[in-house]
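Colleague: Let's see this in three dimensions:
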Amino acid sequence: MTRPVRIANCSGFYGDRFSAAREMLDGPIDVLTGDYLAELTMLILWKARRKDESLGYATTFLRQMQDVLGTCLERGIKVVANAGGLNPEGLAAKITELGLNARVAYLTGDDLAPAIKDLQAEGHEFTNLDTGVPLAKAELPVVTANAYLGGWGIAAALQAGADIVICGRVTDASLVTGPAAWWHGWARDDWDALAGAVAAGHVIECGPQATGGNYSFTGEITDRRYPGFPIAEVAADGSSVITKHDGTGGLVSVGTVTAQLLYEIGEPAYLNPDVIAHFDTIQLERNGPDRVMLTGTRGSPPTDDLKVALNMLGGYRNTMTMVITGLDVEQKAEHAERLLFERLGGPAQFEETDVRLLRFDRPDAPANELATAHLRVTVKDQDERKVGRAFSDAITELALAGYAGFHTTTPPAGASAYGIYWPALIPARLVTQHVHLPDGSTTSVRANDTDPGPRAPLQAVPVPGPQPDAQAAEGSGGLGPAAAGGQAGRVVPPGTSTAPGGEPVTVPLGRLCGARSGDKGGNANVGLWAVSPAAYAWLRRHLTVGRFRELLTEAADLQVDRYELPNLLALNFVAHGLLAPGVSATTRPDPQAKGLGEYLRSRFVTVPADLL
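Modeller: You can find the predicted model right below:
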């Protein structure tokens, strides 16, 4: 059996910490990976390539390689990244031009944009997974269309001796499953091992979000320096340890890993091109300082379809925010809105208008800024001129003619193009991943190219009951998952009561749970994990879909899905359409729902006192 492969992450998004690639070479690693792509990133890369055909990739990755590639080659560290975006060939050529004799491979086959019309003619409707509308009814130009591919092309490139593998749109977790499959020599039907690697890949894909970044319980993080980026030590059976380099900032705990496992997921059966990873079977256990072990992840054969992320050019948008101070906020806002649209010819002049009065003010405020509210106006239209300076200048013209105290948060600006995100499916048999090897040859990898054979039924890990001395056993009086972090796998003495008592008290929901939230296209997910088994038992009983809608009034009329992950003491909610029609086009102030979970934690609930 081979030793675990140490797979490090140095990027969670296009624009992440540039120095992370260099910093990850300060300790022992075998593979350096980086995730640079998101649905919105593909549109950004398309805009860049429209200006310069040689672009379309993450330029920061190229600069990072200029800094670290020589060291990676000297130490035998492989590099795998999806920084190729829409132009992996172009990025591979730039890496080769660095002149360090690196063996560079790149992957293609994910880009379906040139074939969309032919595929539609063959009967593939690319029905929107969120709305049920076929693509033919969209009536907007498709500018990007990329199938989410798996890790076997990466494994093939590494097997052929590549030092660097440049990917386009592979799934984020494939940056771990591919190297792990290569390192351990897994077969394509090693479902449990692959599922374990998917879980590890999902944890480290967003960089420092696994090591204390964006974490609900900041009091647990004693080292407040910028968090070190995460490492997954993936063993031959697919189990893994999540850790970081010694001496780096942040924290790796059961809580930080749980938070990331819940990030941007839907149902616990987490679909990937190579395997379905069942997140309700993962068991977490502390394995030492800044070390958390993931074991028990079960996998099953993937579906016959691949997800396709399409972006369409929706039009142009512009947003301006007027600041209102002091008294009579609503009257001032009404006056400003009336004057603005009188100048512009009325709201009907635009395809869409969104006006929001955001109240931050309070009576008798002790400071000027605490007496302010924001009037946020967004307009959208196919005509760039309408929503460009003509709009923002009209707001500026209110400076001496509007309400008392008028000023804006930004100077007038031009319009920006926005995209419409369109998630769909395509049969996997229609997509081939092409692996362009360093010797100039090309090989092909098909999705689902295996006979899955019989499979034993999956069983979720049962939730442990509460243990009366849980916090004492952990040596923590805090309310965060450091106190609950060791709960997984605990044996509860027979007859232990699971019903908390005490007088009812009203507290923020966040006293019972942490949260992590994010975007799923036009949908938003909120994962909530409890601070103790008793708190989870309460959440499980009381936090229904109806109660969720009451706490999150924006979702009152939306479809909301609720999933239980008792092994993580967690619930996951998906609010459909909350961010519609996607991150680039939504007018919601928090377009990626990053603050949604923390908002829910601030809402008050009534609970038995003993839970606290």
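Colleague: partner strands of the longest strand anywhere in the chain, parallel or antiparallel?
Modeller: Secondary structure of the chain per DSSP state E: the longest strand is strand 305-325. Strand pairing for strand 305-325, determined by DSSP bridges: strand 142-147 (antiparallel), strand 372-381 (antiparallel), strand 407-408 (antiparallel), strand 416-427 (antiparallel).
Colleague: Contacts for the shortest one, please.
Modeller: Contacts of strand 407-408 with the rest of the structure, by Cβ atoms under 8 Å, 6 or more residues apart in numbering, involve 320-323, 395-396, 399. Yep, even glycine has a C-beta here, placed from its N, CA and C like the rest.
Colleague: Check the strands paired with strand 305-325 for me and report the most buried one.
Modeller: strand 142-147 (a mean of 23; mean count of other Cβ atoms under 10 Å).
Colleague: quick check: mean pLDDT across it?
Modeller: Strand 142-147 carries an average pLDDT of 97.
Colleague: Low-confidence bits of the stretch 1-150 of the chain, can you list those?
Modeller: Applying pLDDT under 70 to the stretch 1-150 of the chain flags residues 1.
Colleague: ok, now the chain?
Modeller: The model of the chain has pLDDT under 70 over residues 1, 448-500.
Colleague: tell me the centre residue of it?
Modeller: Glu264 (5.0 Å; Cα atoms, centre = their mean).
Colleague: So the residue lying closest to it once chain neighbours are set aside: helix, strand or coil?
Modeller: Leaving aside its chain neighbours, Glu264 sits nearest to Gly518 (4.2 Å; criterion: Cβ to Cβ, 6 or more residues apart in numbering). Here Gly518 is recorded as strand under DSSP: H, G, I helix; E, B strand; the rest coil.
Colleague: Pull the contacting residues for Gly518.
Modeller: Gly518 touches 263-264, 524-525, 592-594, counting by Cβ under 8 Å, 6+ apart.
Colleague: follow-up on the earlier one: quick one: buried residues of the longest strand of the chain?
Modeller: For strand 305-325, burial by neighbour count (16 or more other Cβ atoms under 10 Å) applies to 305-322, 324-325.
Colleague: In terms of distance to Gly514, which of the contacts of strand 407-408 ranks first?
Modeller: Thr321 (31.0 Å; Cβ to Cβ).
Colleague: coming back round to it: continuing past the longest strand of the chain, what's the next helix or strand?
Modeller: helix 329-344 (DSSP states H and E).
Colleague: residue contacts, the nearest residue to Pro141 once chain neighbours are set aside?
Modeller: Nearest non-adjacent residue to Pro141, counting by Cβ to Cβ, 6+ apart: Leu313, 5.4 Å away. Residues in contact with Leu313, defined by Cβ under 8 Å, 6+ apart, are 140-141, 143, 417, 419-420.
Colleague: now, among the residues you listed, which is nearest to Gly99?
Modeller: For these, the nearest to Gly99 is Val143 (34.3 Å; Cβ to Cβ).
Colleague: My guess is that closest one contacts Ala417. True?
Modeller: No - counting by Cβ atoms under 8 Å, Val143 stays clear of Ala417, with 9.7 Å between them.
Colleague: helix or strand for the nearest residue to Leu552 once chain neighbours are set aside, which one?
Modeller: Counting by Cβ to Cβ, 6+ apart, Leu552 lies nearest to Leu600, which is 6.2 Å off, once chain neighbours are set aside. Following DSSP H and E, one finds Leu600 within helix 596-602.
Colleague: Can you name every helix or strand that that helix contacts?
Modeller: If contacts are counted by 3 or more Cβ pairs under 8 Å, 6 or more residues apart in numbering; DSSP states H and E, helix 596-602 sits against strand 513-520, strand 523-530.
Colleague: ok and the longest strand of the chain relative to helix 329-344, angle-wise?
Modeller: If you take axes from the mean of the first three to the mean of the last three Cα atoms, to 10 degrees, strand 305-325 sits at 110 degrees to helix 329-344.
Colleague: what distance separates strand 305-325 from the centre of its chain?
Modeller: 17 Å (Cα atoms, centre = their mean, to the nearest Å).
Colleague: now stretch 593-611
Modeller: Worked out by Cα atoms, centre = their mean, stretch 593-611 lies 22 Å from the chain centre.
Colleague: One more: stretch 65-77?
Modeller: 28 Å.
Colleague: How about the residue nearest to Glu264: which residues does it bridge to?
Modeller: Asn525.
Colleague: Could you report the neighbour count for Leu158?
Modeller: The number of residues packed near Leu158 is 21, by other Cβ atoms under 10 Å.
Colleague: try Ser216
Modeller: 23.
Colleague: shouldn't it be in contact with Arg516?
Modeller: Yes - assessed by Cβ under 8 Å, Ser216 is found in contact with Arg516 at 7.5 Å.
Colleague: any shared contact partners between these two?
Modeller: Common neighbours of Ser216 and Arg516 (Cβ under 8 Å, 6+ apart) are 259, 597.
Colleague: rewinding a little: burial of the residue nearest to Leu552, as a residue count?
Modeller: Leu600, neighbours per other Cβ under 10 Å, totals 21.
Colleague: please begin residue numbering at 3 from this point
Modeller: Shifting the count to begin at 3 puts that one at Leu602.
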